[in-house]
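>>> need a structure here:
(chains A and B)
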Amino acid sequence: MGTIDVVYIFDEHNTLLLSHHYHGSPPSAKVLLNTYLSHSSPRPSVLYVPSTHPPCILCSMVQDRLLFLTPLSHDMDPLIALEFLHRVADALEEFLGSPLLASRIETQYDVVAQLLGEMCDAGIMSVTEPNALRDLVDVGVGLMGKFLGGVGLPRYIPSSLEPQNNLSKMGLLTLFEFSASPSLSSAPGSSLSFKPPGSDTNQLAIPWRRANVRHTSNELYVDIVESVTAILAPSGRPLAARAHGTIVFTAKVSGVPDLILQLTTPGGRMNVAHTMQLPVFHPCVRLARWKEHPGELSFVPPDGRFVLAGYEVDLLGADYLTRAMHDPNYRSDLHLPVSIELNKSLGPDALDFEVKMSLDLSFVKVSSSSSTGLGAGLGRAKSAGLRPSTATSGTSAQPTLEEIVVSVPIPSGVRNFSEMKASRGEATYAPGDGTLEWRIYGKEASMLMNGVHSVSGGVVATLRCSVVGQPNVGEVEEPFAPPKEKWDYDEGGDDAYQAEAGSGKSTGKKSPSDEKLSRIAAKNAELMPSSASVSFQVKGWLPSGIKVEKLAIDMPKSKGIGAGVQPYKGVKYLAVSKGGVEIRC
Amino acid sequence: MESISRISSLLETARDLTLEAARDASAAKKGTARPIPAQKLKALLDSRLERDVLEGLRRLVALTYTSQSISPYFTHALKTLSLPFPTVRKLVAHILIQLAPSHPDTALLAINTLQKSLSDSAPPLRSLALRTMSSIRVPAISQIVLLAIKRGVQDMSPYVRRAAALAIPKAYRLDPALEPELVEGLVRLLGDKQYFVAGAAVQAYAECWADRIDLLHPYYRKLVRQMVDMDEWGQLAFLKVMLGYCRRCFPRRTKRIRKGGAEKKGKGKDPDSFYDDEETREDQDEGDGGEGDFEEAIILDPDLDLLLRAAQPLLHNRSSAVIIAVTSCFLYLGTPTYLELAVGPLIALLRSPQDIQLVALHNIVQVCLIYPKPFVQYASHFLIRLSEPPAIRRSKLELLTLIFPHAPPHIAGLILAELAHFSASQDPTLVQEAVRAIGRCAQTSDEPTSRRCLHLLLDRVSSPDPLVVAESLQVVRQLIQRDPLSHTHTVVRLAKNLDSITNPQARASIIWLVGEFAAPEAEDGMAPDVLRILVRNFADESEQAKRQIVLLAAKVYLHYLNVQNATQKSARETEEDLNGSQKDEAADSDMETRSPPNIPIDESHPIVLLWQYVQLLARYDTSYDLRDRLRVYKSLLAIPTSTDLASLLLLAPKPVPQIPSPSESRRGYAIGSASLVVGDEVAAGGFRGYEPLPEWVREGEQPIATVRGEGGAGRYEVKKEVPASERLDRALEEERGTGRANGWREKTLDDWLAEDEEEEDEESDGSEETEEESSEEETEEESEEDEEDEGTDDESAALRPSA
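This is a model prediction of the structure:
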């Protein structure tokens, strides 16, 4: 299958943070880094490095501005190496805290060393599941422990010498302690485990859940994040629009809970399978159950935070393309909270372009208030203690739009902008940077939103820019004027394009001034942007309309939870677009 | 699936700010990790307090990572192993593993302590000790490591057994002479009931002995059932191993079925499959009837089908590598029906982070080259975003062109619109790729669509961007060359563009096209007229264009001469016929070759005049290259009646250019390999260590099916209900089978001996696999039947009279 020889991690200044050597004699970090940097950004994740002896293939991954590198000395699937690097990053983040910072790694090399040692054994990938690693890795005690406590990480005190013999007895003990004196342990959210794995049993428990989890405050959170990607044709019609959904689950429940998460869509529960396409699941999810009852996720969660499932939703509907082809006036039911329009080649010299932004959240509200799924969900939620986890803003009853960024890639011919006028927000452009960013922050956005309600979805903000091209561009004359003579070889318009050619001729006859103008426009067209993308964030709304209908603990199947324990449950919806909505022109 | 850290960055909006804040804070915190003097560090390590020792070790670990020498502290660190603090050991283990290769002698000091903790009561410590000991790369201790592994293999705790499995490759690397003993241990671990252990054993197997398929036979079915529970690395190793194993064990059988008839799959479940097999054989015996309504269908061995079915749930896995591995199994082992299941999950990989997306796309292209059809419905996933890196855009463009010929009109329309849009973009490389993609679409599709593509390209010819024009003409030229006859009008239309196009390269290209495809019509054609017009502005043309004009003139003149000669010759022949002169053949041919130039050419013909004019123009041109070229043409065409050599040089048929899909060059590489991704950069044969897929084993050369026993009851063993009557029938059949002399069809004495040895090996391993002996005596047909219902294996064995 191939081996991982070494893992190099560099910080954002490309200085070596650590190198963990596993196997063989890999090329040095310096050589690999130089090769990596010699490629222009964006750098491919898999590179062939012929300069090392013997040549190698370099796999790279960037996470939180840290650069992870691993060279392959023999042929293997680069995806294995890349997945491994992602797992390393995930594990480091789980143990050191998010975001991953160079300083955090530097101060906790001992934890990092244990993690990397457990994750790969002499080149063979081993334990990468964060929960299993929790059982194996000692996060420091003493000085380090104090430091960690201060940062607010879950403290974990292993003491493997403590004799423990029986799982069920242990469970009972935990339970008793919990119900008797809930104030026993320190801060809420911290978990204590008194037993290393497998010390008493030769049978494995659940590979993704660490043993003997105990929490004082039992909590369950579901965060559904959908990131919107859409491509809009110059005419404004969508070509493709999808939402990539991720269900992030946070389980802080004692014992071994067996959970059921019931999802629903506006089209009813039966529609879930149709809406959520191409799902992938965490290994804990029971696939058979999902296949039998789509929308029902039954699982024993790992402890802590993890990605439960991923899916995608086609926001246009399956037969959109066919319909759009047959009926040019067909409107999709795609609603985006922010839509922009890009007009270019404006002004006397065709050097201006204009971006118009319109906001529309009305559909968000309409759909959420009319949706029975949510109403029912909320109703049940109240009785079961299900409350939206963000109490202040961005609930599903009152979705909020935050921070809108329009970025316009600027062609390389543009030297600078002579004018940038934004009616709202601020526009920035650094020459050489290549993109113009127009940013409207949360407060302003919400102000705009309020304005929208009265105008009902009109244009709320515009940005007008004038570009400055290369100085010599204007002066260059046509080097060679072609002969003006026309001739005609047409032998009957039997070909489609022959006929087209004939019609093209009439447009060629323009007045000289017109022609000059259009020539300038054509020349300056190179300076006009050809696309723009929008980033935004809406809290409390999902473009797919998926809702959490029910989240319950299957008590008979679960172990180690007290009879009366009702965990605190929270659901959060978030729609984001990270430059995902692209408008072409 | 998106990794958790990426998603959490979405959830936490204030993350960027945190980054900054934390950086400021880190400057202050660094003070705590300030290096301390060596003496103090040693004192910490020698302390008897757990806290101090830990602190010292922590500093040592930090030093190993900041690549400073810590060898002076090595012995101090090893000494702490004897302290009764388990927490210490993990850190020491790290230091030991990192330093052992460079300080073998010092590392040996730790062996004793490690050996002691091999018998510790806590399994994690036992496994840690085993892991550490096997990681010390000092050949002298190979025997001790071997002993430790042997003990670990029989340990009660799965953690220790797993550590033993992972230690096996390390020991093998240390001392290959240990192979027999290590293999023995590995075989035992492969049969482990814990998927957790078996997965690691498969990883070890894949690492060292991937070619010894004989080790796997007894555990094949058990491992297939355990696969779904293994961790992703175990699954990856297993699928990779299976790719080779199945191709060596299951010959490709095909069967002719009626077209349109539902393909038979899932044979293991089919009660009639026994008879099906016979039918197959009959079908094959029939020979090739060559009827049109039959097609070849692949028949899967039941054991192979078992694997493929077990792999299906893995398609929901979150690891992209697993999905690619399953796809490669379906692609290289299974049927198209299976592969279609993998298409959706492959597309789902496009949701992953960009680094994974890029590799996934390479693999998707590779699958799409073989089976483009199932990807058509996902066409909108391949639409290009300008924010994507060029490598991703390139792969997506290629995918669009690959599915284009199979797409229904509305998707084809979308693809063409997409390509047309990007062929007018500002990014030069994107334009180039888009235009070429249009060319590939035109090449593979039917007449009307192809014409549409050409139309698109011709529109681009009049674009102001010289690059677009040049690239489009290049592709147009290739398309015309493929089928010159149907494109005469295209050449005419291109020629008309000559009065508006200014780009020298484009002009040169068009002139060449005119000379190549319009000139043969000689006097009636438009080539002479184009030449006439071009010559008027000869002085203003670029050198590139001038060269082509001279060439065009030469071609036109040559065609004219050829026509003249032909008419004269035929005239002469008729003359001779009329004279009725009976000259012999030789003289006739002599006359032809010599062709006395006694017939003068018409000096006043426009084409002759044009040629002379061009000669004059070029002769006084400033470019010596042009003058040289003219001299060559001039001498070639010096004798008007002898044009053979000139025709050979100027009118030679040009090879038809192919526009292959860019990834055709890497078609030979298997999916899921690094060679596929880096492609052309490495030498032929792929990157070091690339192994091409093994060929399918030929019918009759495969190991007999009965070697794959149950290999220990798996967790998911399914007992199938078999009616008693059927069981009885089978028992009778078996009896007959054993009675038949020489039941084995193709089996040499060597095979027998080999089998016996293998069995003995396994028995000595103490594996549960004993019913093999009895089943060996069955005929092959019966054994196949047995595989089909694995559950009945035991019963039938029980019912059978003892041999």
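>>> which residues in the stretch 551-700 of chain B form helices?
With DSSP state H, counting those that start in this stretch as the definition, the stretch 551-700 of chain B shows helices at residue ranges B:585-594, B:606-619, B:624-636, B:644-650, B:674-678.
>>> Flag whichever of those has the least confidence on average.
Taking each of the helices of the stretch 551-700 of chain B in turn, the one with the lowest mean pLDDT is helix B:585-594, at a mean of 47.
>>> Contact partners for the nearest residue to residue A:532 once chain neighbours are set aside?
Of all residues not flanking residue A:532 in the chain, residue A:408 sits nearest, at 4.5 Å (CB to CB, 6 or more residues apart in numbering or on different chains). From N, CA and C alone the C-beta is placed, and that goes for glycine too. Applying CB atoms under 8 Å, 6 or more residues apart in numbering or on different chains, one finds that residue A:408 lies in contact with A:342, A:355, A:435, A:436, A:437, A:438, A:529, A:531, A:532, A:533.
>>> Residues in a beta bridge with residue A:408, which ones?
Legend: beta-bridge partners of residue A:408 under DSSP bridges are residue A:436.
>>> Kindly report the same for residue A:584.
Using DSSP bridges, the beta-bridge partners of residue A:584 come out as residue A:531.
>>> That one reaches residue B:420, doesn't it?
No. With contacts counted by CB atoms under 8 Å, residue A:584 stays clear of residue B:420, the gap being 11.8 Å.
>>> Compare the two (neighbour count), which wins?
residue A:584 (22 against 18; other CB atoms under 10 Å in any protein chain shown).
>>> helix, strand or coil for the residue positioned nearest the centre of chain A?
Nearest to the mean C-alpha position of chain A, counting by CA atoms, centre = their mean, stands residue A:227 at 6.3 Å. Reduced to three states with DSSP: H, G, I helix; E, B strand; the rest coil, the structure at residue A:227 is strand.
>>> again with residue B:182
Put simply, residue B:182 is helix when judged by three-state DSSP.
>>> Count the residues that sit near residue A:526.
Other residues within reach of residue A:526, judged by other CB under 10 Å, total 17.
>>> Contact partners for it?
A:411, A:413, A:469, B:426, B:465.
>>> tell me the domain ranges of chain A?
Under the assignment automatic domain parsing, the domains of chain A span A:6-177, A:338-470+A:525-534.
>>> Of the helices of the stretch 551-700 of chain B, give the one that comes closest to residue B:156.
Using CB to CB as the measure, helix B:674-678 is the one of the helices of the stretch 551-700 of chain B that comes nearest residue B:156, at 40.1 Å.
>>> Please see if the closest one touches chain A.
Yes. Using CB under 8 Å from any CB of the partner chain as the criterion, contacts between helix B:674-678 and chain A involve B:674, B:675, B:677, B:678.
>>> Which among those count as buried?
Members of the residues of helix B:674-678 next to chain A that pass the buried threshold by neighbour count (16 or more other CB atoms under 10 Å in any protein chain shown) are listed as B:674, B:675, B:677, B:678.
>>> Neighbour count and pLDDT added to the contacts of residue A:408, as JSON lines?
JSON lines is the format used below for the contacts of residue A:408 (neighbours: other CB atoms under 10 Å in any protein chain shown; pLDDT from 0 to 100):
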{"residue": "A:342", "neighbour count": "22", "pLDDT": "85"}
{"residue": "A:355", "neighbour count": "24", "pLDDT": "87"}
{"residue": "A:435", "neighbour count": "16", "pLDDT": "83"}
{"residue": "A:436", "neighbour count": "24", "pLDDT": "86"}
{"residue": "A:437", "neighbour count": "16", "pLDDT": "87"}
{"residue": "A:438", "neighbour count": "26", "pLDDT": "88"}
{"residue": "A:529", "neighbour count": "22", "pLDDT": "83"}
{"residue": "A:531", "neighbour count": "20", "pLDDT": "85"}
{"residue": "A:532", "neighbour count": "27", "pLDDT": "88"}
{"residue": "A:533", "neighbour count": "25", "pLDDT": "89"}
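>>> right, and out of those residues, which lies closest to chain B?
Proximity of the contacts of residue A:408 to chain B (CB to the nearest CB) peaks at residue A:531, which lies at 4.6 Å.
>>> how about the helices in the stretch 151-300 of chain A?
Taking DSSP H, counting those that start in this stretch as the test, the helices found in the stretch 151-300 of chain A are A:167-180, A:272-275, A:287-292.
>>> Kindly provide the distance from residue B:488 to chain A.
Distance, residue B:488 to chain A, by CB to the nearest CB, to the nearest Å: 9 Å.
>>> sorry, back to before: could you look over the helices of the stretch 551-700 of chain B and pick the most buried one?
Comparing the helices of the stretch 551-700 of chain B by mean neighbour count (mean count of other CB atoms under 10 Å in any protein chain shown), helix B:674-678 ranks first with a mean of 27.
>>> how far away is residue B:641 from residue A:49?
Remark: distance between residue B:641 and residue A:49 (CB to CB, to the nearest Å) = 64 Å.
>>> Compare these two (neighbour count), which wins?
residue A:49 (20 against 16).
>>> so what's that one bridging to?
Beta bridges link residue A:49 to residue A:56, judged by DSSP bridges.
>>> And it, what's its pLDDT?
Predicted confidence (pLDDT) for residue A:49: 86.
>>> again, but for residue A:311
The confidence metric pLDDT takes the value 91 at residue A:311.
>>> Report the secondary structure state of it.
Under the three-state scheme (three-state DSSP), residue A:311 adopts strand.
>>> That one and residue A:279 touch, don't they?
Yes. Between residue A:311 and residue A:279 there is a contact at 4.3 Å, judged by CB under 8 Å.
>>> thinking again about what came up before, wait, what's in contact with the residue nearest to the centre of chain A?
A:243, A:244, A:246, A:575, A:576, A:577, A:578, A:580, B:10.
>>> Identify the bridge partners of the second one.
Beta-bridge pairing for residue A:244 (DSSP bridges): residue A:227, residue A:312.
>>> Quick one: name the residues of the stretch 201-350 of chain B near chain A.
With CB under 8 Å from any CB as the criterion, the stretch 201-350 of chain B meets chain A at residues B:203-204, B:206-207, B:231-233, B:236-237, B:240, B:313, B:316-321, B:324-325, B:344-345, B:347-348.
>>> Perfect, that will be all.
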